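Asker: I would like to see how this sequence folds:
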Amino acid sequence: MSNIFDEIEHTDSSSKIIFKDKKPLDHRFLPDKLVHREEQIRQIAKYWVDALNEVTPSNVTLYGKTGTGKTAASKFAREQLIDAANNKNVFVKVEYIRCTDYTTEYQVIAQLCQKLGRDVPNRGWTKGEIVNTFRDIFKTNAFGKKLILIVILDEIDILLDKDGDGILYTLTRTDNVSVLSISNYLDFKNLIKSRVTSSLNDKEIVFPPYGADQLSDILTERALLAFNDDVLEDDVIPLCSAMAAKEEGDARYALDLLKNAGELAFDEDSVKVTSEHVKMAKDRIEHNKVTEIIQTLPLQQQRLLEAILNLTKNGEEISSGKLYDEYKELSKKDAVTYRRIFDFINELELLGIISTNTISRGRGKGRTNIIKLQCDEDLLETTLFSI
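Answerer: Predicted coordinates:
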């Protein structure tokens, strides 16, 4: 048998009928310019410029929904600052930490130590030992210069939710260290104590969702890098942009649509990417997203979804009480409490799998939560059956 990877690589190379280079369609790709985020980059630079004079910059927090360019803007500003610091012979380091990868204060500090050239274990030391080692780096360094460190904490909400606000307290209380936090939620400071808020004393930059025209500009820039000439039909980018604008202006979603549409065109041996490929890409993305979410839910939430599915197929109006009765039938002795079910309902609604609507039954009859599925019934049934 020939090497399977050689066969796949040969097949993939023929996709160059459609693609020049897929990398620009990845949301992690950093282009030479970020359209429609110039103002936010300029604001970051305004707060970071002190580092070029060996002064610790202000702490900064970036707010905005997923896909609004927060990570890209911070990385773009990082590259520019490092370049300027090298030209001025100033010792500035900007380290990026994704908090989905490092979920405790210890892990973050250990990673920073390692990035700064100090060998420390990933576990086993006390908090005091790891923090003291980190702070010692700023007292003595091999370069004989004052070190200014800027730490980018991306998706900080996850870290704070799991590990508390100790990391912010440690970093903001360390000399020569500045923090840029990236959050999807405007109320992220509700997760930190007042003493940490005072120590943080941050400057805030809001990233609004992209409009359809802005998304179209972004996709046009990336398409020039990613696709061969005359491959995209004229209505492809406007359709991707309009669909993504409905998803709260999410540029990641727009890029995924365009990339998947191109891959579907290649799979069909088409020499053009059409609006039909975009519509098919939308179905593929939503299918994959819903399936992945359902498969990773805890067992009790999967059972609750099965109960909602059963009641939906029976054409019943789903109140929380009726849902709990159906859920108990499925769970038998393993059922959780009625109060806990409300937590599950809230979590499933946040994921976009269900919706709830509180209605009044009339005077003296109180109010009732009505629950509805927001994903395809057949897709849900197939996914639950596979589990």
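
Asker: okay, domains of this structure per the record?
Answerer: The chain breaks down into these domains under automatic domain parsing: 38-206, 210-294, 297-386.

Asker: reformat these as JSON lines; add mean neighbour count, mean pLDDT and distance to Pro24.
Answerer: C-beta coordinates here come from the backbone N, C-alpha and C atoms, glycine included. As requested, these are arranged in JSON lines below (neighbours: other C-beta atoms under 10 Å; pLDDT from 0 to 100; distance: least, C-beta to C-beta, whole Å):
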{"stretch": "domain 38-206", "mean neighbour count": "17", "mean pLDDT": "89", "distance to Pro24": "12"}
{"stretch": "domain 210-294", "mean neighbour count": "19", "mean pLDDT": "92", "distance to Pro24": "4"}
{"stretch": "domain 297-386", "mean neighbour count": "15", "mean pLDDT": "84", "distance to Pro24": "28"}
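
Asker: so for Ile4, which of those sits nearest?
Answerer: Nearest to Ile4 among the domains of the chain is domain 210-294; the distance by C-beta to C-beta comes to 18.4 Å.

Asker: so what would you say the end-to-end distance of that closest one is?
Answerer: 29 Å (C-alpha to C-alpha, to the nearest Å).

Asker: so which of the domains of the chain is nearest Leu25?
Answerer: Judging these by C-beta to C-beta, what sits closest to Leu25 is domain 210-294, at 4.0 Å.

Asker: about what we covered before: could the domains of the chain go into TSV alongside distance to Leu30?
Answerer: TSV is the format used below for the domains of the chain (distance: least, C-beta to C-beta, whole Å):
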stretch	distance to Leu30
domain 38-206	6
domain 210-294	12
domain 297-386	29
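
Asker: Lys23: which of these is closest?
Answerer: In terms of C-beta to C-beta, the element of these nearest to Lys23 is domain 210-294, at 7.7 Å.

Asker: tell me how far that closest one is from the chain's mean position?
Answerer: Taking C-alpha atoms, centre = their mean, to the nearest Å, one finds domain 210-294 lying 19 Å from the centre of the chain it belongs to.

Asker: same check, this time on stretch 196-204
Answerer: From the chain centre to the centre of stretch 196-204 is a distance of 23 Å (C-alpha atoms, centre = their mean).

Asker: neighbouring contacts of it?
Answerer: Residues outside stretch 196-204 that contact it (C-beta atoms under 8 Å, 6 or more residues apart in numbering) are 43, 47, 58-61, 63, 165, 168-169, 172-173, 179, 181, 189, 192.

Asker: go through this structure and flag its longest helix.
Answerer: Determined from DSSP state H, the single longest helix within the chain is helix 275-295.

Asker: okay, angle between the helix or strand following that one and helix 275-295 too, please.
Answerer: Next along the chain after helix 275-295, taking DSSP states H and E as the criterion, comes helix 299-313. Angle, helix 299-313 to helix 275-295, by axes from the mean of the first three to the mean of the last three C-alpha atoms, to 10 degrees: 130 degrees.

Asker: and helix 299-313, C-alpha only, in PDB?
Answerer: C-alpha atoms of helix 299-313 as PDB (Å, rounded to 0.1, in the frame of the first residue of the first chain):
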ATOM      1  CA  LEU A 299     -25.000  13.400  30.800                       C
ATOM      2  CA  GLN A 300     -27.800  15.100  32.700                       C
ATOM      3  CA  GLN A 301     -28.000  18.000  30.200                       C
ATOM      4  CA  GLN A 302     -28.100  15.400  27.400                       C
ATOM      5  CA  ARG A 303     -31.000  13.700  29.100                       C
ATOM      6  CA  LEU A 304     -32.800  17.100  29.500                       C
ATOM      7  CA  LEU A 305     -32.400  17.700  25.700                       C
ATOM      8  CA  GLU A 306     -33.800  14.200  25.000                       C
ATOM      9  CA  ALA A 307     -36.800  15.100  27.200                       C
ATOM     10  CA  ILE A 308     -37.200  18.400  25.200                       C
ATOM     11  CA  LEU A 309     -36.900  16.500  21.900                       C
ATOM     12  CA  ASN A 310     -39.600  14.000  23.000                       C
ATOM     13  CA  LEU A 311     -42.100  16.700  24.000                       C
ATOM     14  CA  THR A 312     -41.300  18.700  20.800                       C
ATOM     15  CA  LYS A 313     -42.000  15.600  18.600                       C
END
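
Asker: which helices and strands does it pack with?
Answerer: The contact analysis (3 or more C-beta pairs under 8 Å, 6 or more residues apart in numbering; DSSP states H and E) places helix 299-313 against strand 318-319, helix 320-331, helix 338-350, strand 367-373, helix 377-386.
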